[in-house]
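A.B. asks: coords please:
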Amino acid sequence: MFTLTSDDITFIGSGLVRPECVVATEKGDLFASHADGGGGIASLGGNGALELYLAKTGDIPEGFIPNGYSLMPDGSFLIANVGDAGGVYRLYRDGRMEAFLTEIDGKTLPACNFANRDEAGRIWISVSTWARNRDVSFKKDVADGFVILVDGDAPPRIIAEDIGFTNENKVDPSGRWLYVHETMGRSICRFEIKADNSLGPRETVADYGIGIFPDGFEFDAEGGIWCTSVVSNRIVRVAPDGEQHLVFDGGDQDVTDRAEEAYQNDTYTRAHLVAANESILGNCASICFGGPDLKTCYVGSLASDRIASFRSPVAGAVPPHWTF
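C.D. replies: Numbers count the residues shown, from 1 in each chain. Next comes the predicted model:
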């Protein structure tokens, strides 16, 4: 079974600030969230040379912090703002930014986690919690997260609710299922996408165990799902049959143990999260496949100033943005 050591990890780039979400393309582009200089997206090209696309004009919310985003067909970026002002914004490469969605059902959106464009062009937005102070939702019995669907000219609508701190969402390669990570609910679940774009009932794909706080994920070409866990800095592969395999453990056991105890006792705070920032993975938050054969994995993080990378024996599934 494939297992990594620290010697298998290499790095690309430098000078990044909170590169939470990573995206790779067929052309060899590598993009990462960048929370400095006004906030935007960093491009590392194929050699790690840094080019920044920062929000300079237009609808720039106060305290903008780019989190999960999607590369759009025209080369722009659809970005979830995890800053206090919340909402989702579209950033163009010339620095212009436009508000994409800032309210739902007459209510101003709080901090948003991820904006996902699928193969069909639908936009699925993860909102971890309605709470303006997200820290109050760092509890295993709080499940007020949700997913919004924006589909063409139809009014945006909340499509899935009662999720325990919604993190990344993605439509699987078949186009049939919406998968969702819930960090405090400690699971990856899925919903069948019906012909009218409504969702079927929730199905749990995998419940994660002790020390796993799921954040980002990606599909591979064999039907597996690769999960990143903040705090414990672990990478886990969920096989098609639901079996979980620990690919890499880059965490500090004492840090993980303290966070686990706090989670179980409902005393988990942001301090338990940031205590894991010194890991080799920089508090890993996302993962994507790239390279000519889709077998190079790139890992986004909350705290590193560079992107961790390793080679996988399994190719990734072709993502919706691959040819953009």
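A.B. asks: Run through the residues that contact Pro201.
C.D. replies: Phe191, Glu192 (CB atoms under 8 Å, 6 or more residues apart in numbering). From N, CA and C alone the C-beta is placed, and that goes for glycine too.
A.B. asks: what about stretch 198-211, distance to the chain center?
C.D. replies: 16 Å (CA atoms, centre = their mean, to the nearest Å).
A.B. asks: From Glu243, how far out is Ala206?
C.D. replies: 9 Å (CB to CB, to the nearest Å).
A.B. asks: cool, Thr129 as well?
C.D. replies: Look at Thr129 and Glu243: by CB to CB, they are 30 Å apart.
A.B. asks: For the two, indicate the residue with more neighbours.
C.D. replies: When neighbours are counted by other CB atoms under 10 Å, Thr129 comes out ahead of the other of Thr129 and Glu243, with 24 against 10.
A.B. asks: per-residue pLDDT, the nearest residue to the more buried one once chain neighbours are set aside?
C.D. replies: Spatial nearest neighbour of Thr129, excluding adjacent residues (CB to CB, 6 or more residues apart in numbering): Ser137 at 3.9 Å. With respect to pLDDT, Ser137 has a value of 94.
A.B. asks: same thing with the one 4 residues further on?
C.D. replies: At Asp141 the predicted local confidence, pLDDT, stands at 93.
A.B. asks: Checking the closest residue in space to it that isn't next to it in sequence next. Helix, strand or coil?
C.D. replies: Counting by CB to CB, 6+ apart, Asp141 lies nearest to Asp266, which is 7.2 Å off, once chain neighbours are set aside. Three-state call for Asp266 (DSSP: H, G, I helix; E, B strand; the rest coil): coil.
A.B. asks: was I right about Asp266 contacting Ser137?
C.D. replies: No: contact criterion CB atoms under 8 Å: Asp266 and Ser137 do not qualify, at 11.3 Å.
A.B. asks: Please say which of those two ends up with more neighbours.
C.D. replies: Remark: of Asp266 and Ser137, Ser137 carries more neighbours, 18 against 11, as counted by other CB under 10 Å.
A.B. asks: On the C-terminal side of the longest strand belonging to the chain, identify the next helix or strand.
C.D. replies: For the chain, the longest strand by residue count, based on DSSP state E, is strand 199-207. Next helix or strand after strand 199-207 toward the C-terminus (DSSP states H and E): strand 213-219.
A.B. asks: Would you mind confirming that Ala131 makes contact with Phe138?
C.D. replies: No: assessed by CB under 8 Å, Ala131 is found out of contact with Phe138, at 9.8 Å.
A.B. asks: what about these two, which has more around it?
C.D. replies: Using other CB under 10 Å as the criterion, Ala131 and Phe138 rank with Phe138 on top: 23 against 15.
A.B. asks: The closest residue to the more buried one other than its chain neighbours: how many residues sit nearby?
C.D. replies: Nearest residue to Phe138, sequence neighbours excluded (CB to CB, 6+ apart): Tyr268, at 4.8 Å. Using other CB under 10 Å, Tyr268 has 22 neighbouring residues.
A.B. asks: What separation is there between Tyr268 and Thr183?
C.D. replies: With distances taken as CB to CB, Tyr268 is found 11 Å from Thr183.
A.B. asks: and Cys227, bridged to which residues?
C.D. replies: When bridges are called by DSSP bridges, Cys227 pairs up with Phe217, Val236.
A.B. asks: For it, give me its contacts.
C.D. replies: Contacts here follow CB under 8 Å, 6+ apart; on that basis Cys227 touches 181, 188, 208, 212, 214-217, 235-238, 287.
A.B. asks: just Trp124 next, same as before
C.D. replies: Ala115, Asn116, Asp118, Val147, Ile148, Leu149, Val150, Ile159, Asn169, Lys170, Val171, Leu178.
A.B. asks: mind redoing it with 10 Å?
C.D. replies: Applying CB atoms under 10 Å, 6 or more residues apart in numbering, we find Trp124 in contact with 70, 114-118, 147-151, 159-160, 168-171, 178, 180, 193.
A.B. asks: is it fair to say His272 lies in a helix?
C.D. replies: Yes: checked against three-state DSSP, His272 lies within a helix.
A.B. asks: Please name the nearest non-neighbouring residue to it.
C.D. replies: The shortest distance from His272 to any non-neighbouring residue, by CB to CB, 6+ apart, is to Ala259 (4.0 Å).
A.B. asks: Just the pLDDT at that neighbour, thanks.
C.D. replies: Looking at Ala259, the pLDDT reads 98.
A.B. asks: pretty sure it is in a strand, no?
C.D. replies: No: the assignment for Ala259 (three-state DSSP) gives helix, which keeps it out of a strand.
A.B. asks: ok, it - contacts?
C.D. replies: Contacts of Ala259 by CB under 10 Å, 6+ apart are 211, 213, 230-232, 251, 268-269, 271-273, 275-276.
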